[in-house]
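Student: No letters, just coordinates:
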């Protein structure tokens, strides 16, 4: 039997990305827990703070989530009072999501959380920008 030389875990870019993602998400947890949010719920709110009244399909596209993952997430957010869902007036096949007053009030925490996370990463402005470009390029190439 021939022994196959498999790459070690330390040679796997996929593991580095996975570990970094978990670490960054964990860094957000304390601040988000105080607000009663999970990290995916926070991302939904960010999308809605950019532009309220969005179709579920638009939110799914922005977050790169499938409908089956997003729908239960939105349902939990609605029960918690962060968002409201309703059928589109022009085309009832589509569901539109909007912020509630409670969801809108959380916006004031977003800037602090963003600044705290940038500080925790301890990256220069250039390093932060370069990392974003690299990650977006990687995502684009793998998604094509």
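Tutor: Received it, and whenever you're ready, just let me know what you need. This one's a predicted model, so the numbers in the text were calculated from it and none came from an experiment.

Student: Identify all contacting residues around the lowest-mean-pLDDT helix or strand in the chain.
Tutor: One helix or strand of the chain scores below all others by mean pLDDT, DSSP states H and E: helix 107-121, with a mean of 91. Here helix 107-121 makes contact (CB atoms under 8 Å, 6 or more residues apart in numbering) with 24, 27-28, 31-32, 35, 42, 45-46, 49, 128. To be clear about C-beta, it is placed using only N, CA and C from the backbone, and glycine gets the same treatment.

Student: Now for the residues you listed: which two are most distant?
Tutor: Greatest spacing in the contacts of helix 107-121, by CB to CB: 35 and 128 (23.8 Å).

Student: who has more neighbours, these two?
Tutor: Legend: neighbour count by other CB atoms under 10 Å for residue 35 and residue 128, higher for residue 35 (16 against 13).

Student: quick one: the strands in the chain?
Tutor: Assigned by DSSP state E, the chain shows strands spanning 54-55, 83-87, 95-99.

Student: Would you format those strands as a markdown table with mean neighbour count and distance to residue 107 included?
Tutor: As requested, these are exported to a markdown table (neighbours: other CB atoms under 10 Å; distance: least, CB to CB, whole Å):
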| stretch | mean neighbour count | distance to residue 107 |
| --- | --- | --- |
| strand 54-55 | 18 | 15 |
| strand 83-87 | 15 | 13 |
| strand 95-99 | 19 | 8 |
